[in-house]
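Novice: what follows is a protein structure lacking sequence information:
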RNA sequence: GCCCGGGUGGUGGAACUGGUCAGACACGGUCGCCUUAAGAGCGACUGCCCAAGCGGCAUGAGGGUUCGAGUCCCUCCCCGGGUACCA
């Protein structure tokens, strides 16, 4: 019974066992040792999973996609590196430990085991010899090593800064990890605290991170997101002097052309000089109150856009460097300490925020840029949009275009020593300290005598100690591990204490794709020559949710390491593909609270891995979101069954006419046999085109469906032709449904499909002798006639004009023009 | 607000650089065959309207360019994502 129908529970384990036993997907780093190693390399990586519980449907999609790409590259003759790893440090395991007391390592390792089982069960072609997990000392030893290298180079440093603090997770967060004023992980409102923390100097790389986006083949929207995040602004720094106190205050502006309109000056509440400025004035008390209120406000409220402008005068003035006027100083929370210099020149006539403030405080509004035509709109700031506005009220610059004026004013400031061209970025340095347990320890020691001392490389890894209590209490749980914390200073041998913060887990995942290349190296993080052979990653596949965080951090790491000559590429991921989400059957994002979560394992158990994989690829364009549909999945399952049955019936297994090894293309097919053979070549061509760069897996699979439909339709065709076509279908489907592809191909040919090169479409088989010529009159189809392929224009025109449908519609009209599209259509324009 | 995507049948989605009456492939639906029956399988039909034709209307709405527009241009509406007091 089971022999006679498609039975994935029989087929899938059979092939999985072969692939595991023969280590089919392992590749060697010994380039040049054998002819096989001379092939062009292709490095295909899916973003490594965070192992938590069981894999979900998004993982299935991610790895089904990556696996199809990896298989395709192998079949077209490339040497493919396709490894797997686990992003194993992180808060969920730690929070679980707090609740249950189960060590994060225990729960993480269990999850990893579940993921490993799933990947084997799904038949993903992974080189298991390179598997890694970021929580293993053999891995994080090198994470620490990279930290030390960054430290040596001044790219890792400590500073006290206003940082985002999540009171729920009891840890600090990087800017990128604060979403709408809330913690990216737990959703709790974030507070601002003044703390000394570790940072990576990613801002040093802002320009390169921006410029090099032009060199990589990434989706445009992801590049745009990164560009916006980096936020480069070109402008000028202009100095405003407070004469009373004799202090210069530089400000950054993108609109130096509006300098004559600067009628007041505003500082951020966090600005270190605010109290000093107000001291001794009548505003001292109100300023204190205002600043204290502003600083204690939750981040979410502080950043709310639509709130009325508030502030206090500081009782001091600064000199506008071009007008010489004394303009009043204010403190207001609409100025951010983190951006620019923490102070701004306010031009109410041409900046909406300054306008709102000026109105609220009754300050003068002086227009200095006139619209190209008409009047500036009343009741709001006039923000110039074109190159045609002219400067007014601007002394010697009056009458210049705003663009020229900008240049001229900056030149003047430069000559006078009152300003210069400047660039500002939105990007901030990456805050990497976390006051948590389950992360990579920061390899630094504090010595009373020597200060901050890096742990010597020979002492790495600094292993995580065992602790009894994972509960964070504003400091890392590591601080409680006294035996671990107290060490000898590596420099002087005196007593010292370890750094107790751990690293942001994005550090772990910023370099794992380097380690894959040389995963078992215990002498170094990697061998530079080995990296040279594999890097960059040719195709990276993952979710858009990492468009900024992970992808920016990894790019920074690669550039920093390249600068230190540890590797030879400037970008980690040459091409990126971002997959869409699988939504629940109700079209909403899957979530436990919605109760619409589909787990992949029961699906795989019921329909087989091949059906689950094919369905997920068939559902629609892989970069788009798609809702899960069980009935559609059944349709794909039926299709696989139809292909299997063709293989079964056409091979010797059914006791029919078939014979193994005879699935070659027939010599001179004709009639239905020719039609089927042609369809096979059409499918080869279509699938190949859909797979190269386009990742149109949905249409690729539909092409194989069409081929299978035709093999059924022409059941009477020569069996040789049908065997050829069926073997071709199996071969084309292999990247998506590897078990069935291998099975059917073996039934028909006795050979292993993954060892066969990708089929070539015969161009002669793609064209037919005749085609259906579309005959249009005034753009409307009026008839269709058969015409010989490649016929000259005149002949097509003649055929069209002779067509009956055309004749009737031409009756009584004059032919104005005839448009001929060779091998397609003829359009007669009639009057 | 700004920046990206995207609006095509009952549903998911096809349609290469504007060119075969748009709707591949699949789901769902209807009918039939096979079967004692169920299931599975196989086959046919399936955008809308209609006086049923060599007919009309249809790719969010409205204009435009063109012999020809889902595809290009303009205006607007809706949905999704990113981002936002960044000077």
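Specialist: Done, it's in. These numbers come from a predicted model, not from an experiment.
Novice: beta partners for whatever residue of the stretch 51-200 of chain A ends up closest to RNA strand B?
Specialist: Residue nearest to RNA strand B within the stretch 51-200 of chain A (C-beta to the nearest atom of the strand): residue A:179, separated by 6.0 Å. For glycine as for every other residue, the C-beta is placed from the backbone atoms N, C-alpha and C. As for beta bridges, residue A:179 partners with residue A:182 under DSSP bridges.
Novice: if I look at it, how far off is residue A:190?
Specialist: Distance, residue A:179 to residue A:190, using C-beta to C-beta, to the nearest Å: 9 Å.
Novice: now the common contact residues for those two.
Specialist: Residues touching both residue A:179 and residue A:190 (C-beta atoms under 8 Å, 6 or more residues apart in numbering): there are none.
Novice: tally of neighbours for residue A:51?
Specialist: By the criterion of other C-beta atoms under 10 Å, residue A:51 has 27 neighbours.
Novice: in which helix or strand would I find it?
Specialist: According to DSSP states H and E, residue A:51 maps onto no helix or strand at all.
Novice: give me the pLDDT for it.
Specialist: We note a pLDDT of 93 for residue A:51 in this prediction.
Novice: could you find the closest non-adjacent residue to it?
Specialist: In space, and not counting its chain neighbours, residue A:51 is closest to residue A:111: 3.8 Å by C-beta to C-beta, 6 or more residues apart in numbering.
Novice: wasn't the one you found part of a helix?
Specialist: Yes. Assigned with DSSP: H, G, I helix; E, B strand; the rest coil, residue A:111 falls within a helix.
Novice: got the contact list for it?
Specialist: Taking C-beta under 8 Å, 6+ apart, we find residue A:111 in contact with A:51-54, A:93.
Novice: farthest-apart pair in these, please.
Specialist: Checked with C-beta to C-beta, these reach their widest spread between A:54 and A:93, with 14.5 Å between them.
Novice: between those two, which is the more surrounded one?
Specialist: For the pair residue A:54 and residue A:93, the greater number of neighbours falls to residue A:93 (26 against 14), based on other C-beta under 10 Å.
Novice: that one and residue A:104 touch, don't they?
Specialist: Yes. Using C-beta atoms under 8 Å, residue A:93 is in contact with residue A:104, at 3.9 Å.
Novice: now the common contact residues for those two.
Specialist: Joint contacts of residue A:93 and residue A:104 (C-beta under 8 Å, 6+ apart) are residue A:438.
Novice: ok, residues contacting the strand or helix carrying residue A:313?
Specialist: According to DSSP H and E, residue A:313 maps onto strand A:312-319. For strand A:312-319, contacts defined as C-beta under 8 Å, 6+ apart pick out A:240-245, A:249, A:265, A:267, A:274, A:277-278, A:281-284, A:286-287, A:290, A:325-332, A:361.
Novice: that older thread, neighbour count winner among residue A:179 and residue A:190?
Specialist: Each of residue A:179 and residue A:190 has its neighbours counted (other C-beta under 10 Å); residue A:190 has more, 26 against 12.
Novice: now the residue in the stretch 401-550 of chain A positioned nearest to RNA strand B: how far from residue A:548?
Specialist: Across the stretch 401-550 of chain A, the shortest distance to RNA strand B (C-beta to the nearest atom of the strand) belongs to residue A:426, at 3.7 Å. Using C-beta to C-beta, residue A:426 is found at 12 Å from residue A:548.
Novice: what is in contact with the two at once?
Specialist: Residues touching both residue A:426 and residue A:548 (C-beta under 8 Å, 6+ apart): residue A:229.
Novice: isn't the residue of the stretch 401-550 of chain A closest to RNA strand B up against residue A:210?
Specialist: No. With contact defined as C-beta under 8 Å, residue A:426 does not reach residue A:210; the gap is 11.0 Å.
Novice: does the nearest residue to residue A:63 once chain neighbours are set aside count as helix, strand or coil?
Specialist: Counting by C-beta to C-beta, 6+ apart, residue A:124 is the residue found nearest to residue A:63 once chain neighbours are left out, at 5.0 Å. Under the three-state scheme (three-state DSSP), residue A:124 adopts coil.
Novice: can you tell me how far residue A:124 is from residue A:516?
Specialist: Shown here: residue A:124 relative to residue A:516, a distance of 15 Å by C-beta to C-beta.
Novice: do the same with residue A:481
Specialist: 32 Å.
Novice: of these two, who's got more company?
Specialist: Between residue A:481 and residue A:516, counted using other C-beta under 10 Å, the more crowded position is residue A:516 (24 against 19).
Novice: settle this for me: that one is touching residue A:83, isn't it.
Specialist: Yes. Using C-beta under 8 Å, residue A:516 is in contact with residue A:83, at 4.1 Å.
Novice: before we move on, which element is residue A:730 in?
Specialist: Residue A:730 belongs to helix A:719-733, assigned by DSSP H and E.
Novice: so which helix or strand takes in the residue of the stretch 601-750 of chain A found nearest RNA strand B?
Specialist: Here the stretch 601-750 of chain A gets closest to RNA strand B at one residue, residue A:635, 2.5 Å apart by C-beta to the nearest atom of the strand. Take DSSP H and E as the rule and residue A:635 turns out to sit in helix A:630-650.
Novice: go on, residue A:13?
Specialist: Assigning secondary structure by DSSP H and E places residue A:13 in helix A:8-21.
Novice: and the contacts of that helix?
Specialist: When contacts are defined by C-beta under 8 Å, 6+ apart, helix A:8-21 is touched by residues A:2, A:24-25, A:120-121, A:123, A:125, A:607-611, A:640, A:738-740, A:742-743.
Novice: pull the contacting residues for the closest residue to residue A:805 other than its chain neighbours.
Specialist: Counting by C-beta to C-beta, 6+ apart, residue A:783 is the residue found nearest to residue A:805 once chain neighbours are left out, at 2.9 Å. Contacts for residue A:783 (C-beta under 8 Å, 6+ apart) come out as A:775, A:800, A:803-806.
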